[in-house]
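Colleague: I need the structure of the sequence given here:
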Amino acid sequence: MTAKATKKKSSAKNAEEPTPATETAPTGEPTPSPPPEARPTSKTPKKKFDLNKLIDAIFTSLGPDAPSGSAKVRDDLVRAYIQSQIENNPLAKSYNILILHDEGRMVKRDADNIYSASEAFTDKRPVMLVLYSTGGVIGSAYLIGKLCREYADEKFIVVVPRQAKSAATLICCAADEIHMGSLSEIGPIDPQIDDLPALGLKTSVEHIADLIKAYPQASDMFAKYLNMSLKPIHLGYYERVAESAAQYAERLLNLHPLHLKRKPAEIAKTLVYSYKDHGFVIDKVEASEIFGDNVIQTDTEEYKLGNSIYAALMFVARVANAVNHYFYFIGSLSSDPHFSKRGRN
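Modeller: Coordinates of the predicted model:
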């Protein structure tokens, strides 16, 4: 997570995702097969949604000579496809559902999209946020967490189908419940500055101090190196960034302290300072040890609903990837999906 507000889209592939099949799309490029939720079985009624029509609309709208109106046709079909995957789930009408599905960086605009979607809800219901993000700007995550609680009736829950890392984990701190499955993971709240961990500077200085103790004869060399590469104010600034992340987490946790296993300040400190790797996997078992069984809910019907939404979104993302585009969806089920050409910042 960096302090920059520019959205940089990452690769649309994840290790845990199934390998796309080699069906032929309208352009001749290989496209993925539909997710399991879209394949009829003897136990589920056959879906009426036409996936070939969706694939064709995506390829047509993102092609070099896209006809006028093709983007609207595509976006309508994306929304219809997501709805088709959850329409038979009774929980779908029990929540106001928000989605933050983004393989790039969370930025301020994402908070604006969540706000617009929340404002548009006409019924007061609990809020379910289906969250898939590798992280981003800490302040934006804090605002999103606050917004979801503000617009939730009685309860705010987060479903993590796969990953909600760093700043996305901060959003989870605002939730009364975090629903996870076997492949779900949250992570350390690890502020990044210029793609480097804020706490890494302090660790580097501590490492140099240890080297000086081990090799006192080299102390002058280390002193000259530090003098050339580091100003004391930098160390203080980086530490304050980390302290700010812990402060944000504690404030969100304090919105529902009775649900927690430990004191909000202890949980916040654990999430910011206890892990040495930005990508450290905090699975459902370890998350339960941090937040408690009242907050971490595993393999629930809510998780299954969120996972169905995630599977549909990932299918669209893989089709977009086949024509060199990123896909992200932030808002409600009625919001506009977004596609961006690879190589653009």
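Colleague: low-confidence ranges in the stretch 1-150 of the chain?
Modeller: Applying pLDDT under 70 to the stretch 1-150 of the chain picks out residues 1-47.
Colleague: Okay, helices next: where are they in it?
Modeller: Assigned by DSSP state H, counting those that start in this stretch, the helices in the stretch 1-150 of the chain fall at 51-61, 70-86, 108-120, 138-150.
Colleague: do you know which of the ones you listed lies nearest residue 175?
Modeller: Among the helices of the stretch 1-150 of the chain, helix 138-150 comes nearest to residue 175, with 7.6 Å by Cβ to Cβ. Backbone N, C-alpha and C define where each C-beta goes, glycine included.
Colleague: If you count contacts, what does the helix or strand just after that closest one end up packed against?
Modeller: Counting by DSSP states H and E, the next helix or strand C-terminal to helix 138-150 is strand 156-160. When contacts are defined as 3 or more Cβ pairs under 8 Å, 6 or more residues apart in numbering; DSSP states H and E, strand 156-160 sits against strand 127-133, helix 167-172, strand 177-180, helix 301-322.
Colleague: Skip ahead from the longest one and say which helix or strand is next.
Modeller: Secondary structure here is assigned by DSSP H and E; on that basis, the next helix or strand after helix 301-322 toward the C-terminus is strand 325-332.
Colleague: repeat for the third one
Modeller: Next along the chain after strand 177-180, taking DSSP H and E as the criterion, comes strand 185-186.
Colleague: related to what we said a few turns ago, now the helices of the stretch 1-150 of the chain in a markdown table, with mean neighbour count and distance to residue 281?
Modeller: Formatted as a markdown table, those follow (neighbours: other Cβ atoms under 10 Å; distance: least, Cβ to Cβ, whole Å):
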| stretch | mean neighbour count | distance to residue 281 |
| --- | --- | --- |
| helix 51-61 | 19 | 32 |
| helix 70-86 | 18 | 27 |
| helix 108-120 | 17 | 24 |
| helix 138-150 | 22 | 19 |
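Colleague: and the closest residue to residue 131 other than its chain neighbours, what is it in contact with?
Modeller: Nearest residue to residue 131 in three dimensions, chain neighbours excluded: residue 164, at 4.6 Å (Cβ to Cβ, 6 or more residues apart in numbering). Under the criterion of Cβ atoms under 8 Å, 6 or more residues apart in numbering, the neighbours of residue 164 are 131-133, 158, 171-172, 184-187.
Colleague: okay if I get these as a markdown table plus distance to residue 281 and neighbour count?
Modeller: Formatted as a markdown table, those follow (distance: Cβ to Cβ, whole Å; neighbours: other Cβ atoms under 10 Å):
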| residue | distance to residue 281 | neighbour count |
| --- | --- | --- |
| 131 | 16 | 29 |
| 132 | 15 | 26 |
| 133 | 15 | 27 |
| 158 | 17 | 30 |
| 171 | 18 | 29 |
| 172 | 14 | 28 |
| 184 | 10 | 26 |
| 185 | 5 | 20 |
| 186 | 9 | 31 |
| 187 | 7 | 22 |
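Colleague: if I look at residue 116, how far off is residue 331?
Modeller: As defined by Cβ to Cβ, to the nearest Å, residue 116 lies at a distance of 7 Å from residue 331.
Colleague: now swap in residue 343 and tell me
Modeller: Remark: distance between residue 343 and residue 331 (Cβ to Cβ) = 25 Å.
Colleague: Tell me which of those two has more neighbours.
Modeller: Neighbour count, other Cβ atoms under 10 Å: between residue 343 and residue 331, residue 331 has more, with 22 against 8.
Colleague: Apart from its neighbours in sequence, what residue is nearest the more buried one?
Modeller: Leaving aside its chain neighbours, residue 331 sits nearest to residue 117 (3.8 Å; criterion: Cβ to Cβ, 6+ apart).
Colleague: What's the end-to-end length of stretch 152-161?
Modeller: Between the start and the finish of stretch 152-161 there is a gap of 21 Å, counting by Cα to Cα, to the nearest Å.
Colleague: In it, which residues are buried?
Modeller: Buried residues in stretch 152-161, counted by 16 or more other Cβ atoms under 10 Å: 152, 156-161.
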